[in-house]
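**Student:** the following block contains a protein sequence and its predicted model.
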Amino acid sequence: MENAIGFEGMKKLKRVYACQTCGATFPKWMGRCDACGSWNALVEEIEEVTPSPSIPGKSLELCSLEGTFSPLDRLLSGLEEFDRVCGGGIVAGSVLLLGGEPGIGKSTLLQILSRLSQRR
């Protein structure tokens, strides 16, 4: 499933404000042009913008990710619900951040650490 997607035909409209005195453009209207100092000289214009690929002259290439991942070894905590939320257990070298309101079970982390330390 390899496709090449170019950016031809993918134009986007962008609103800019151009100074009628010096031609400078700005993303929002201001009473005074920062470039030349003219007052009330900014006029709204619509530009067509064509997104460019990150590497000029190249197109994006889509490919299937199927079969490119190997299953990770997971360490089961012994707490079925926690292992389920972690995607089947804790992955070695991963970091888990637990947060929430008081009393919702963050201290379960202490139980997990205790169980894991008893296995070693």
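**Tutor:** Done, it's in.
**Student:** show me which helix or strand of this protein is least confident by mean pLDDT.
**Tutor:** strand 3-5 (a mean of 44; mean pLDDT, DSSP states H and E).
**Student:** and the strands in this protein, which stretches?
**Tutor:** Secondary structure of the chain (DSSP state E): strands at 3-5, 12-19, 25-26, 42-49, 60-62, 74-75, 90-91.
**Student:** and those strands: which comes nearest residue 33?
**Tutor:** Among the strands of the chain, strand 12-19 comes nearest to residue 33, with 4.2 Å by Cβ to Cβ. Yep, even glycine has a C-beta here, placed from its N, CA and C like the rest.
**Student:** ok, that closest one: who's next to it in the sheet?
**Tutor:** With DSSP bridges as the criterion, the sheet partners recorded for strand 12-19 are strand 25-26 (antiparallel), strand 42-49 (antiparallel).
**Student:** deepest-packed of those strands, please.
**Tutor:** Greatest average neighbour count among the strands paired with strand 12-19 goes to strand 25-26 (a mean of 14), per mean count of other Cβ atoms under 10 Å.
**Student:** which helix runs longest in the chain?
**Tutor:** helix 108-119 (DSSP state H).
**Student:** distance from it to the middle of the chain?
**Tutor:** What separates the centre of helix 108-119 from the centre of its chain is 33 Å, taken as Cα atoms, centre = their mean, to the nearest Å.
**Student:** can you spell out the domain ranges of the protein, please?
**Tutor:** For the chain, the domain assignment from automatic domain parsing gives the residue ranges 3-62, 74-119.
**Student:** re earlier: distance to residue 98 and mean pLDDT added to the strands paired with strand 12-19, as CSV?
**Tutor:** Listed next are those as CSV, based on distance: least, Cβ to Cβ, whole Å; pLDDT from 0 to 100:
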stretch, distance to residue 98, mean pLDDT
strand 25-26, 45, 92
strand 42-49, 43, 87
